[in-house]
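have a look at this prediction, sequence included:
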Amino acid sequence: MFISMKSYGFLTVFLILVSYPTFNLLGQDSLRYEGPFQIGKYKGAAAFTYRIVDTDTVYNGPFEFQRSNLSALIAKEDVSFLFKGAFKAGFPDGPWRFQFAEFQSNSNSEVIDYEYRVRVSGIQETAAGRIKKGKPQGHWVYEVNQIIDSEVKDTLFRSSIEFENGIPLRSFRMENDKSTLVGRFLRDGLAHDEWVLYSNDAIESSQSWYFNNGRLETIQLQKEGERKVFDVYGKNFKAYKTINLDQRFLNTLKVWMNLSDSTALQKGIPVLVSENAKYYQKLDKILSRLGESSFQPELKVKVPFFPLDSMEIAHMEIIKKLYKSSSIVSDSLLSSTQLNILKRSDEEILFLYTALDEISKKFLHPLGRIVAYDEEGILAYMPFEHLVAEAWPDGFPDKEIMISSKGSESKAFVGPKASQFNFSENTFATLHQLAEYAKLSVDSISSRVSPRLASVKQRKEFMMLEKRMISQIQNMDRVIDSVKKELPSDFVSVLDQIKKVADSSLNKYSNINPLDVKMEFGRALVNCFDHLGKLEGVILNLAAKKEEIKSTYEDEVWNPFMANLMTEEVKKRLTNAYAKVLLPYLLTEASTNLSCDNAATLVTQFESTHQRMLELRTEDTKKLERKLKRERDARVIMKLFEIEPQGKKEE
């Protein structure tokens, strides 16, 4: 049984009930549910109280949802969880505890005080703290432990954060099995003062970030006994914007700091902050499915802000379209195996391929970085000159690309309408011109190499088509030659006609000169040979099919004179129509009028006639048999049998 509890203002939750749950009335407005429950991927047993407000399900009161399976644990592994807390008018509110575990057991147990106890090993995550109106409040601890034989072996991750109405404040601590991070926030959640990372196997700090009211001023890194200091922004700017300390912020830092070794921002503090965000995001997804919640801890920082004006935004939209269109064509051509083979033996193709590769490296790849920044939403957090310097360290590329070749002088590639483009200014309009010039150049190269690729592709397709046609004809010939002596003459006539049609069609194909016409005819011929092969199979199996019909239309009857069972043919008018009219007609059609145009139809008619005869054996056919009494026209009989005749229907 399935019960759906829908909410449009507060939540949407589906209860999947596989047994009989319990609903209790606790008062005029409150209800209690106990039974199977599901939140996203989590399935288990739940107990909670709720109210129906209009058509909305509003959780209100204690809530507990859990799963554990001893049989699964003993057999292999158990994935368990526990979500325990309370709601107030649809909001998570009060003390909450979350527990996730993946345990295995060694199957050994012991009895202590009338209880069987099984030791487990695995990973357990635990989060605990208070929630106020869907937001973390007070002290929250998230801990991930490695469990060996039911004891904590190692703490893989632990964070301790103070919240005020969902905003982190005061001191915090995050640690994993490699390092520990300590720092603090202001009352508005902005990072402040020194954030220090200590390695668990060293005394000195390995990394320090210095914040001033959310603004990251310097980063100190300890590497190979040397301490390096990076001045992040270098100076003050007019405008700043408050954002989350997340991957977008880290990607912004890479551009600002011009780090040749980007691993400096992929280790240490960023790792712990990202790990903490991942765990809290898990809780936020669960609570958001149940009610109003905003549980993701928002570690706030300030970044310089350079908003784009309307013209710059318009330029970026066009740049993205031009870049994506050019990249699709460029990537396709550069990865083409045919083009890579052609360039080895054709100097012109080699020249164009090399020019395309240079355009991709000097124009498209840098533009792709700018486009990526825009799609990440961080373009406005960096001044334009930083963007250009990071994408083109040596400045904008020239319109003329010099291509050197073996044993000859360098040759220049110049794209279409080159004189109309000017790359001298550091503006979004220049980026637009770069993208447009790259697009024209890529399209120009594509138009010059595509005919050669098409020619190679066409030759390859011709080879495959002709190889298949020869194989089809050889298979048909081999079968026909091996069975001709064993078949009736009318069957052999059809097989001879199949061979004749195949040979004449192949001869016609060989005499066609225009390649496009020849290719189209070749594709049709492969299809034709498939149908001729199927018709050949029908003829080879026809004797067995006739025998099946004969036995289907026979009954055993008692002969009182001979005192034994005798076989008697039934519905003789049907079997006579089949054996003396329909089959001869179809065999004649196949042996005299067979062509590529009707081969598939003849196959269908042979098969449909056989199937219809099997069906008529169990149907009431008295009326049909009366109509067949003097009928000798095969096309009429096929209509009576509800089989589509060969050719057009008679009016």
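That came in fine, so what should we check first?

only C-alpha atoms for contact and neighbour calcs from this point on.
Will do.

tell me, what's the model's pLDDT at residue 555?
Note on residue 555: pLDDT of 71.

ugh, typo on my part, it should be residue 82
Reported pLDDT for residue 82: 93.

please report phi then psi for it.
Backbone geometry at residue 82, expressed as degrees, to the nearest 10, gives phi -150, psi 120.

hmm, residue 65 and it touching each other?
Yes. Using Cα atoms under 8 Å, residue 82 is in contact with residue 65, at 5.8 Å.

the more surrounded of those two?
Using other Cα atoms under 10 Å, the more surrounded residue of residue 82 and residue 65 is residue 65, with 23 against 19.

which positions within the host helix or strand of residue 52 qualify as buried?
Assessed by DSSP states H and E, residue 52 sits inside strand 42-53. For strand 42-53, the neighbour count (16 or more other Cα atoms under 10 Å) marks 43, 44, 45, 46, 47, 48, 49, 50, 51 as buried.

list the contacts for the second one?
This points to residue 44. Contact analysis of residue 44 by Cα atoms under 8 Å, 6 or more residues apart in numbering lists 36, 37, 38, 65, 66, 67.

switch the cut-off to 10 Å
Taking Cα atoms under 10 Å, 6 or more residues apart in numbering, we find residue 44 in contact with 16, 35-38, 65-69, 80-82.

kindly report the same for residue 305.
237, 238, 239, 240, 241, 242, 378, 379, 380, 381, 382, 383.

what sits closest to the last one if chain neighbours are left out?
Read that as residue 383. residue 306 (6.3 Å; Cα to Cα, 6 or more residues apart in numbering).

circling back to that earlier point, and which of the buried residues of strand 42-53 is nearest to residue 471?
Within the buried residues of strand 42-53, proximity to residue 471 (Cα to Cα) peaks at residue 43, which comes in at 56.8 Å.

was I right about that closest one contacting residue 83?
No. Residue 43 is beyond contact range of residue 83, at 11.7 Å (criterion: Cα atoms under 10 Å).

who touches both of those two?
In contact with both residue 43 and residue 83: 65, 66, 67, using Cα under 10 Å, 6+ apart.

now render these as a markdown table, adding secondary structure.
Shown next, in a markdown table, are these (DSSP: H, G, I helix; E, B strand; the rest coil):
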| residue | secondary structure |
| --- | --- |
| 65 | strand |
| 66 | strand |
| 67 | strand |
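
any idea which of those is closest to residue 634?
Residue 634 lies nearest to residue 67 out of those, by Cα to Cα, at 71.4 Å.

do you know how far the residue lying closest to the closest one once chain neighbours are set aside is from residue 635?
Nearest residue to residue 67 in three dimensions, chain neighbours excluded: residue 44, at 4.7 Å (Cα to Cα, 6+ apart). Distance, residue 44 to residue 635, by Cα to Cα, to the nearest Å: 67 Å.

now do residue 210
94 Å.

and what of residue 403?
Distance, residue 403 to residue 635, using Cα to Cα: 73 Å.

so these two - more neighbours on which side?
residue 635 (19 against 16).

mind checking what secondary structure that one has?
Here residue 635 is recorded as helix under three-state DSSP.

my understanding was that it contacts residue 583; is that so?
No. Here residue 635 does not reach residue 583: they are 11.6 Å apart, not a contact under Cα under 10 Å.

now do the end-to-end distance for stretch 176-191.
By Cα to Cα, one end of stretch 176-191 lies 21 Å from the other end.

need the contact list for residue 356.
By Cα under 10 Å, 6+ apart, the contact set of residue 356 is 330-331, 333-334, 350, 362, 401, 413, 438, 441-446.

what helix or strand is it on?
Going by DSSP H and E, residue 356 is part of helix 347-359.

same thing with residue 452?
Secondary structure from DSSP H and E places residue 452 in helix 428-483.

just want the angle from that helix to helix 347-359.
Angle of helix 428-483 versus helix 347-359, following axes from the mean of the first three to the mean of the last three Cα atoms, to 10 degrees, is 130 degrees.

now do helix 428-483, average pLDDT.
Here the average pLDDT along helix 428-483 is 86.

below-threshold pLDDT in this structure: ranges please.
Low-confidence segments of the chain (pLDDT under 70): 1-29, 71-76, 106-112, 114-116, 202-205, 224, 258-266, 405-408, 556-570, 645-651.

now do the domain split for it, please.
According to automatic domain parsing, the chain comprises the domains 5-301, 310-452, 456-640.

circling back to that earlier point, how about a markdown table for the buried residues of strand 42-53, with distance to residue 481 added?
Below are the buried residues of strand 42-53 laid out as a markdown table (distance: Cα to Cα, whole Å):
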| residue | distance to residue 481 |
| --- | --- |
| 43 | 66 |
| 44 | 69 |
| 45 | 72 |
| 46 | 75 |
| 47 | 78 |
| 48 | 80 |
| 49 | 82 |
| 50 | 82 |
| 51 | 83 |
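
ok, so of those residues, who is nearest residue 519?
Out of these, the member with the shortest distance to residue 519 (by Cα to Cα) is residue 43, at 58.1 Å.

separation between the closest residue to the closest one other than its chain neighbours and residue 70?
The shortest distance from residue 43 to any non-neighbouring residue, by Cα to Cα, 6+ apart, is to residue 37 (5.9 Å). Computed as Cα to Cα, the residue 37 to residue 70 distance reads 19 Å.

how about residue 413?
Using Cα to Cα, residue 413 is found at 72 Å from residue 70.

and residue 173, helix, strand or coil?
Using three-state DSSP, the three-state assignment for residue 173 comes out as strand.

what is the subsequent helix or strand relative to the helix holding residue 452?
helix 489-510.

I'd like the next helix or strand past that following helix.
Tracing the chain C-terminally past helix 489-510 and defining elements by DSSP H and E, one meets helix 515-540 next.

what comes up buried for that next one?
518-519, 521-522, 525-526, 528-536, 538-540.

in the stretch 51-200 of the chain, which spans are helices?
In the stretch 51-200 of the chain, the segments counted as helices under DSSP state H, counting those that start in this stretch are 70-75.

sorry, back to before: with neighbour numbers in mind, choose between residue 413 and residue 70.
Ranked by neighbour count (other Cα under 10 Å), residue 413 and residue 70 place residue 413 first, with 18 against 13.

identify the bridge partners of the more buried one.
Beta bridges link residue 413 to residue 401, judged by DSSP bridges.

wait, it sits on residue 357?
No. Applying Cα under 10 Å as the test, residue 413 and residue 357 come out as separate, 11.7 Å apart.

residues in contact with both of the two, list them for me.
residue 351.

SS state for residue 373?
helix.

that one: what's it in contact with?
Shown in contact with residue 373 (Cα under 10 Å, 6+ apart): 248, 251, 252, 367, 379, 380, 381, 382, 387.

for residue 575, same thing?
Shown in contact with residue 575 (Cα under 10 Å, 6+ apart): 546, 549, 550, 553, 569, 581, 582, 613, 617.

let me see the backbone angles for it.
phi -70, psi -30.
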